[in-house]
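Peer 1: Sharing a sequence plus its predicted fold:
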Amino acid sequence: MTPPLRVLVVGAGVGGLALAQALVAAGGVDVRIAERNPDAAVWLDGYRLNINPDGSRALHRCLPTPLWEAFVATSATPPGGISFRTEQLRELFTLTREDMTGGSPDPADGQYGVSRRVLRTLLLTGLEDHVQFGAEFERYTVAADGTITAHFADGSPLEADVLVGADGANSRVRAQYLPDAERVPADAGGIAAQVPLTEETRGWLPAVLCDGMTLVMPKSGPASMFTSAFPGRDALMSAIAAGVGLAGRGLDEDGLLDDTDDYVLWSVITDHRVLPDGAVDGPGLQALALDMVRGWDPALRRLITESDPGSVRVMRFRHSRLVEPWISTTATVLGDAVHNMPPVGGLGANSALRDAAALADQIVAVRDGAPLVPAIAAYEAQMRDWGYRAIRESVENARRATTAGPLARRMGRAYFRARGLGRHLPRRGARSRTPAAPVTARTTV
């Protein structure tokens, strides 16, 4: 009897866990996940994620049916898409939710706002016996037959037929496998924080800032502003009340609720040279952000002043260096490990999910008899296509968002309009280029 294909995933982030879910559901694959953090709670917090239709389709392909249904039930589905506005909040143009989803009623084509805690908790469900926490990866070696041995800080080795580096932006797997693809500083950065989305704040916030995403592009100046509303608590509470069965699937409902207070995220995006080099406290960062948006609509300025100073932070954007196609091996990488990008456009997590679904397809093909290294090469060609395209788009979005002159601003607005309409509107009613076929027959947890 042929032993199952052994796949070792380094890193229990969104992409690595989605890949593991797909492979466990497929069967016939021995999946192990090595995570350096001591437990899941260490990395559950953080800003919420916008899952776009590409990411949603990939997640649908990776998750077994009950977890997919739980994801849909517990995620916010804001009716707004993304609205481009002047600094006085006059509308330039808007990509509606229908534009972004192609008008499809299928939940798999949807756009969602999701808590990192909820998503990662869902992704961990059913993988408890496959995850080893406290396993700090250091390096790997490759035998003559392609078998990989991963070495960890505690001295314990693990053998695998396939090693997947899903260990984030500072990936040690990528550093060994693709040393030239390191992260480099971007020309842009930002100051960001969040404001609770309560009845009180809804009273003074314009409706456009309470629903979906907004990109504010002034006529001139060194900064733009991005906002994203993340309602979600009502959706999660309603799902639990309706008996979506989270507890029955081994999920801690109280734990899911810890991170679901609604809020509006704002980020002032600017040239990296404007940002402070040393330590600046929250009030100091608020003052700097307010100076960048002097004369803007009072609601935008109030977003900054109403933020908890402790939540204000500087973001220094970086992105992966794009390298020429490489010779594939039995090691590979996905997500931020290989195509990390500035958070301008919300493409990072979605690209990682696409990676996971595509790599799962190839590994399942190997399980069924396809040669291993050509399958990895086929995956990496796909991953470079959309991952590198996402890097270029995110870097260009950041550059245009920080262009200062009036003429450049007008050109930037025209660019975003053409880019947005060209990317989304022709696809109305059409499916994504991502293959729609599931990785395997859908199963239950």
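Peer 2: Looks like it came in fine. Every value quoted in this text rests on a predicted model; they were computed, and no experiment measured them.

Peer 1: tally of neighbours for Trp326?
Peer 2: Using other CB atoms under 10 Å, the number of residues around Trp326 comes to 13. (Glycine included, C-beta is placed from N, CA and C.)

Peer 1: what about the helices in the stretch 251-400 of the chain?
Peer 2: Assigned by DSSP state H, counting those that start in this stretch, the stretch 251-400 of the chain shows helices spanning 253-257, 282-292, 298-305, 336-339, 348-367, 372-401.

Peer 1: so which of the ones you listed gets nearest Gly113?
Peer 2: Closest to Gly113 of the helices of the stretch 251-400 of the chain is helix 348-367 (CB to CB; 11.8 Å).

Peer 1: circling back to that earlier point, closest to Phe226 out of the helices of the stretch 251-400 of the chain?
Peer 2: Phe226 lies closest to helix 372-401 among the helices of the stretch 251-400 of the chain, at 7.8 Å (CB to CB).

Peer 1: Any idea how far that closest one is from the middle of the chain?
Peer 2: Centroid separation for helix 372-401 versus its chain: 14 Å, with CA atoms, centre = their mean, to the nearest Å.

Peer 1: got the contact list for Thr198?
Peer 2: Contact analysis of Thr198 by CB atoms under 8 Å, 6 or more residues apart in numbering lists Asp262.

Peer 1: quick one: it and Gln286, what's the gap?
Peer 2: Distance of Thr198 to Gln286, given as CB to CB, to the nearest Å: 20 Å.

Peer 1: For Pro53, give its distance to Glu393.
Peer 2: Distance from Pro53 to Glu393, by CB to CB: 16 Å.

Peer 1: Neighbour count: those two, which is higher?
Peer 2: Pro53 (23 against 17).

Peer 1: hang on, the more buried one packs against Tyr112?
Peer 2: No: taking contacts as CB atoms under 8 Å, Pro53 lies outside contact range of Tyr112: 9.5 Å.

Peer 1: pLDDT below threshold where in the stretch 251-400 of the chain?
Peer 2: The stretch 251-400 of the chain contains residues with pLDDT under 70 at 251-260.

Peer 1: 90 - rerun?
Peer 2: Applying pLDDT under 90 to the stretch 251-400 of the chain picks out residues 251-263, 271-280, 310-311, 315-316, 342-348, 393-400.

Peer 1: Identify the residues contacting Ser328.
Peer 2: Neighbour list for Ser328: Val373, Pro374, Ile376, Ala377, Glu380 [criterion: CB under 8 Å, 6+ apart].

Peer 1: who wins for neighbours among these?
Peer 2: Using other CB under 10 Å as the neighbour test, the contacts of Ser328 are led by Glu380, with 24 neighbours.

Peer 1: Can you give me the distance of the residue nearest to that residue when sequence neighbours are not counted to Ala153?
Peer 2: Distance criterion CB to CB, 6 or more residues apart in numbering; nearest residue to Glu380, sequence neighbours excluded, is Ser328 at 5.6 Å. According to CB to CB, Ser328 and Ala153 sit 28 Å apart.

Peer 1: now Lys219
Peer 2: Distance of Lys219 to Ala153, computed by CB to CB: 53 Å.

Peer 1: for Pro3, same thing?
Peer 2: Using CB to CB, one gets 28 Å for the distance from Pro3 to Ala153.
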